[in-house]
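Engineer: Have a look at this fold, sequence not included:
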């Protein structure tokens, strides 16, 4: 079995928080027009992102990542904060 290392790729991302929710929503809509603002069962804001695999949900605390290799149907995807912080580091 061969081993492979993932090639480092820079991405644009922003964390979806109470403070940034409007900015994130406007940024997301400018990239992928079919992103929708909604509320979860606890009345917390969420973003709904339709994809061919189904609807993805970006909850408070999640990061919204601009796809480095976008397709016609997927330009954004959410990532839980703990996974994002393990997978990415800030570019200086």
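Structural biologist: Here it is on my side, so go on. Small disclaimer: the values here were computed from a predicted structure and weren't measured. Residues are numbered from 1 along each chain as shown.

Engineer: all strands for the chain, in order.
Structural biologist: 12-15, 36-39, 45-51, 54-59, 63-66, 76-79 (DSSP state E).

Engineer: buried ones in the longest helix belonging to the chain?
Structural biologist: When the chain is parsed with DSSP state H, its longest helix is helix 21-31. Buried residues in helix 21-31, counted by 16 or more other Cβ atoms under 10 Å: 21, 24-25, 27-28. Every C-beta, even on glycine, is put in place using the N, C-alpha and C of the backbone.

Engineer: So for this protein, the centremost residue is which one?
Structural biologist: Centroid-nearest residue in the chain, with Cα atoms, centre = their mean: residue 64, separated by 2.2 Å.

Engineer: Contacts only, for it.
Structural biologist: By Cβ atoms under 8 Å, 6 or more residues apart in numbering, the contact set of residue 64 is 13-16, 24, 27-28, 47, 58, 76-79.

Engineer: Just give the closest residue to residue 10, not the sequence neighbours.
Structural biologist: Leaving aside its chain neighbours, residue 10 sits nearest to residue 91 (5.8 Å; criterion: Cβ to Cβ, 6 or more residues apart in numbering).

Engineer: quick one: low-confidence parts of the chain?
Structural biologist: Applying pLDDT under 70 to the chain flags no residue at all.

Engineer: any idea which residue of it is furthest from its center?
Structural biologist: Outermost in the chain, Cα atoms, centre = their mean: residue 1 at 32.8 Å.

Engineer: how much space between the closest residue to residue 31 other than its chain neighbours and residue 7?
Structural biologist: Sequence neighbours aside, residue 75 is the residue nearest to residue 31 in space, at 5.2 Å (criterion: Cβ to Cβ, 6+ apart). Residue 75 is 20 Å from residue 7, where distance means Cβ to Cβ, to the nearest Å.
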